[in-house]
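Peer 1: Build me a model from this:
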Amino acid sequence: MEPAIPIPDSTEADEHRHALRRAVKMKAHLRDRGNTRFEIDVVDLSVTGFRAQTSFTLWPGTTVWLTLPGLAALEAVVAWRDKFRYGCAFSKPLHPAVFDHIVALGER
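Peer 2: Got it, this is the predicted structure:
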């Protein structure tokens, strides 16, 4: 059993958060450098990153590409892991219009 990486309590996390995070519920795909592609559930999103759930094992520091319906793959790095939950940071922040579009897809 691998050790879980602690998740900061919400007040501490909010103080360090640089962007508004919105709850979404959508299926997407992640791909790693080895071209392994697997399904994930994206549960929240900001212009700087996302939180997802998957049974596929990823390690902090791993570069991944997030593919959402109708959009080009977005490069990100796994920032933290807690069992089947992951936080990832985009390599480049999303344009606000792209962020709004993705949030709208996730609210349907």
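Peer 1: could you list every residue that touches the residue lying closest to H95 once chain neighbours are set aside?
Peer 2: Leaving aside its sequence neighbours, H95 sits nearest to V47 (CB to CB, 6 or more residues apart in numbering; 7.9 Å). In short, each C-beta sits where N, CA and C put it, glycine included. Contacts for V47 (CB atoms under 8 Å, 6 or more residues apart in numbering) come out as 19-20, 90, 93-96, 99.
Peer 1: Please name the residues that touch R21.
Peer 2: So R21 contacts 44-46, 51 (CB under 8 Å, 6+ apart).
Peer 1: again with F90
Peer 2: Contacts for F90 (CB under 8 Å, 6+ apart) come out as 47-50, 74-76.
Peer 1: ok, back up a step: just send the contacts of R21 back as a markdown table, with neighbour count, pLDDT and distance to T57 too.
Peer 2: As requested, those are exported to a markdown table (neighbours: other CB atoms under 10 Å; pLDDT from 0 to 100; distance: CB to CB, whole Å):
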| residue | neighbour count | pLDDT | distance to T57 |
| --- | --- | --- | --- |
| D44 | 16 | 94 | 21 |
| L45 | 26 | 95 | 22 |
| S46 | 19 | 95 | 24 |
| R51 | 20 | 97 | 16 |
